[in-house]
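Asks: Give the three-dimensional model of this entry:
(one chain, ligands or ions: 1)
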Amino acid sequence: MLNLVLDPLIQKGRRKKLVEELTASKMFGSRVLRAIGAVPRHLFIEKGLEEFAYKNIPIEIAGKQTISQPYTVAMETELLNVKSGEKILEIGTGCGYQTAILFYMGAVVYTIERQKELYLQAKENLLKIDYTKPVLFWGDGFKGLPQFAPFDGIIVTCGAPEIPNDLLLQLKIGGKIVIPVGDKEQEMLLIKRKNKSEFEKQSYGAASFVPMLHGVK
Ligand code: SAH
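Replies: As a prediction, the model looks like this:
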């Protein structure tokens, strides 16, 4: 029997609708919209929930975490303004969907997840679509990846209690970090590194993410 939920044509149609919805918001540039239109989000969602993959909602993944809603993924990606060839660090791999979007846009992606279960899951998900280039780490994102720094951009996909200093210092001069900061509710911040010690901060309104937690699990 044809499984309608898994049928790629149906998913393609749903994905197209999502892109139309995001386009109508006039918030996003064509590069971000193309990436959302290309990456098969349903392959990052647990079995049984695929039919919700292209709704503009967050969805539960393993380890009591969520895959951010497409609008949020698009928003952070837009703020990061990633260019082809840029070296990007992602904190909070989750299921790997945001990783895939960054890779599709030509970024050289490094990503860290604190939960081993999700780290393994993301590896598997990215393999399904032959995205084998992003480098995945199981570790504590508060520390970043000093061995691979400096980065053109850092994207934090969990709510940080404060701006982690280690991450700021792993930015190139001229580089930027997109990070939701705050406890229960967060404020979406874009921080640019102007020189060795100066940073410029801009706020992009309220956001709601799962918390950024210390240590690994
Ligand atoms: N980018 C993901 C979003 C997943 S939700 C996606 O596209 O699906 C945020 C993720 O951040 C969760 O998986 C959570 O386990 C992880 N996380 C929380 N604190 C972290 C930390 N200190 N280091 C790395 N990952 C962290």
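Asks: residue contacts, the closest residue to residue 135 other than its chain neighbours?
Replies: Leaving aside its sequence neighbours, residue 135 sits nearest to residue 110 (C-beta to C-beta, 6 or more residues apart in numbering; 5.0 Å). The C-beta positions use only the backbone N, C-alpha and C, and glycine is treated the same way. Shown in contact with residue 110 (C-beta atoms under 8 Å, 6 or more residues apart in numbering): 87-90, 134-135, 137, 145, 148, 151.
Asks: Same check on residue 159?
Replies: Residues near residue 159 by C-beta under 8 Å, 6+ apart: 180-183, 186, 207-212.
Asks: of all those residues, which comes closest to the ligand?
Replies: Proximity of the contacts of residue 159 to the ligand (C-beta to the nearest ligand atom) peaks at residue 212, which lies at 4.1 Å.
Asks: separation between the residue nearest to the closest one when sequence neighbours are not counted and residue 197?
Replies: Leaving out its chain neighbours, the residue that sits closest to residue 212 by C-beta to C-beta, 6+ apart is residue 158, at 4.0 Å. Counting by C-beta to C-beta, to the nearest Å, the separation of residue 158 from residue 197 is 26 Å.
Asks: Just the strands from the chain, written as ranges.
Replies: Assigned by DSSP state E, the strands in the chain fall at 59-60, 66-67, 87-91, 108-113, 135-138, 151-156, 171-181, 186-193, 199-207.
Asks: hmm, back to that, which one of residue 158 and residue 197 has more residues nearby?
Replies: For residue 158 versus residue 197, neighbours defined as other C-beta atoms under 10 Å are more numerous around residue 158 (21 against 8).
Asks: if I look at that one, how far off is residue 15?
Replies: Distance, residue 158 to residue 15, by C-beta to C-beta: 25 Å.
Asks: what residues does this protein put near the ligand?
Replies: With the criterion set to C-beta under 6 Å from any ligand atom, the chain comes near the ligand through 63, 65-68, 91-92, 94-95, 97-98, 112-115, 118, 140-142, 157-158, 210, 212-213.
Asks: what do you get if the cut-off is 5 Å, keeping everything else the same?
Replies: 65, 67-68, 92, 94-95, 97-98, 112-115, 118, 140-141, 157-158, 212-213 (C-beta under 5 Å from any ligand atom).
Asks: where do the helices sit along the chain?
Replies: With helices called from DSSP state H, the chain shows them at 8-24, 30-38, 70-80, 97-104, 116-128, 165-168.
Asks: Using neighbour counts, pick out the buried residues of the longest one.
Replies: Buried residues in helix 8-24, counted by 16 or more other C-beta atoms under 10 Å: 10-11, 14-15, 18-19, 22.
Asks: Show residues contacting that helix.
Replies: 4, 28, 33, 36-37, 40-42, 50, 53-56, 70-71, 74.
Asks: If we use 6 Å, what do you get?
Replies: 4, 28, 33, 36-37, 42, 54, 70, 74 (C-beta atoms under 6 Å, 6 or more residues apart in numbering).
Asks: How about the shortest one?
Replies: Among residues not part of helix 165-168, those counted as contacts by C-beta under 6 Å, 6+ apart are 143-144, 154.
Asks: hmm, back to that, include distance to residue 190 and mean pLDDT when you put the helices of the chain into a markdown table, please.
Replies: As requested, these are exported to a markdown table (distance: least, C-beta to C-beta, whole Å; pLDDT from 0 to 100):
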| stretch | distance to residue 190 | mean pLDDT |
| --- | --- | --- |
| helix 8-24 | 19 | 95 |
| helix 30-38 | 15 | 98 |
| helix 70-80 | 5 | 97 |
| helix 97-104 | 16 | 98 |
| helix 116-128 | 25 | 97 |
| helix 165-168 | 13 | 98 |
